[in-house]
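S.K.: predicted coordinates and the sequence they were generated for:
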Amino acid sequence: MRNAIRLYCFWYGWLGAVGFSLWYIAAWLGDASLPENVWVVEFIFLLHSIAAIATFQRIPSGNLWQPVLAITDKRIRLGRLLIGLTSINFLVCFCLLGGAALEKDVSLQETAVYLVLSSFLLQNTIYIGVHWALRPENLFSSSLLKAISNPIGLLFPKR
Amino acid sequence: MEQLSPLCRAGEWSGGDRIGMDGTRSGVVAVGPACPRVAEPRLASNRWTRTWGTEFAYLGHQPINYALGFIPGYNAAKFVAAQAGISLNPVQNVLAGKSVITVGGPSVLGGLNALGSAYYAVSWQAFVNAGGTSLKALPAAGAITDLGKIASSAGTIANVLNTASAAFDLYQCYQIK
């Protein structure tokens, strides 16, 4: 069961990244659209949320899952690069939306909403793919993982 | 883009309260008729297949709120901020507070979500104080204490509630189009 979850999340991440990349490109080209049927959206959301809940499982110990891929320096650098680039890309799209709102440019706002959506889902799926491929323990520092695991804990003094 | 009728009552249009966390907005003036929850006629776009106006923008708002909900404590902080009249809805704020849809989302989900999130944070910290430790220090599942299990369960419940409320909002968003 655990292996099935691991592989599901890994493949959802990478296949989803391919799909959302295409949607992102379509958004730039002005051809993006949304499904007409809400249940199609809900189904995609279900697939995404299964992966998200498994990926962002709140568990105060680490290393219970094994990475899908063998860990190499090159893969770790590539994984960090992909997460960084897609995160920056999302922030750029988000700023574009803010700019469109400030300019009251309705057409640009519509474009920007698609860009924000697609770039955000692209960033999410890339993260999920990299997360399960290499595991965050190998990607990020221990202090960052501790902070993101419980930001509220930062407010409490350590004994 | 959908325009707010000047006859609509100020304050009644502030939507985006997907899980009842935005609280009562200040400046609500109960003068004039409330805005009907009926979509107004819109010009057809020659470029996009959907022209939902502000409801469309909600689709940019909702997934980001959903993802932020996975950050432990975010929904608890959002709930507390909402009580002080502060909205932590990034896209909605970027869109100059323009309301998206008036979602009558189940407030109980928001409250439970915030509770689960806060409980997770407190029990996680108790777990750390009780022996615990950097994330890499624990070698195996067997080393997880009961506190850790409680924290994990509370966190998982919070994540599931976050997902349920997001699914509900997506449905609402399509119903109002």
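M.R.: Okay, I see it.
S.K.: C-alpha only now, for contacts and for neighbours.
M.R.: Will do.
S.K.: elements contacting the least confident helix or strand in chain A by mean pLDDT?
M.R.: Among the helices and strands of chain A, helix A:142-149 carries the lowest confidence by mean pLDDT, DSSP states H and E, at a mean of 73. With contacts defined as 3 or more CA pairs under 8 Å, 6 or more residues apart in numbering or on different chains; DSSP states H and E, helix A:142-149 has no helix or strand neighbours.
S.K.: run the chain-centre distance for it.
M.R.: 18 Å (CA atoms, centre = their mean, to the nearest Å).
S.K.: any chance you could give me it in CSV, C-alpha atoms only?
M.R.: Provided in CSV are the C-alpha atoms of helix A:142-149 (Å, rounded to 0.1, in the frame of the first residue of the first chain):
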residue,chain,number,x,y,z
SER,A,142,16.9,20.2,8.5
SER,A,143,16.2,23.7,10.0
LEU,A,144,14.0,24.6,7.0
LEU,A,145,12.1,21.4,7.3
LYS,A,146,11.5,21.9,11.0
ALA,A,147,10.3,25.4,10.4
ILE,A,148,7.9,24.5,7.6
SER,A,149,6.7,21.5,9.5
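S.K.: for chain B, which spans come out with low pLDDT?
M.R.: B:1-61, B:72-73, B:76, B:79-80, B:82-83, B:85-152, B:176-177 (pLDDT under 70).
S.K.: change it to 50
M.R.: B:1-52, B:98-106, B:133-143 (pLDDT under 50).
S.K.: buried residues of stretch A:1-11, list them for me.
M.R.: Neighbour-count burial for stretch A:1-11, counted by 16 or more other CA atoms under 10 Å in any protein chain shown, picks out A:6, A:7, A:8, A:9, A:10, A:11.
S.K.: now pLDDT, secondary structure and distance to residue A:134 too, for these, in JSON lines please.
M.R.: Formatted as JSON lines, the buried residues of stretch A:1-11 follow (pLDDT from 0 to 100; DSSP: H, G, I helix; E, B strand; the rest coil; distance: CA to CA, whole Å):
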{"residue": "A:6", "pLDDT": "86", "secondary structure": "helix", "distance to residue A:134": "11"}
{"residue": "A:7", "pLDDT": "89", "secondary structure": "helix", "distance to residue A:134": "12"}
{"residue": "A:8", "pLDDT": "91", "secondary structure": "helix", "distance to residue A:134": "15"}
{"residue": "A:9", "pLDDT": "89", "secondary structure": "helix", "distance to residue A:134": "12"}
{"residue": "A:10", "pLDDT": "89", "secondary structure": "helix", "distance to residue A:134": "10"}
{"residue": "A:11", "pLDDT": "92", "secondary structure": "helix", "distance to residue A:134": "13"}
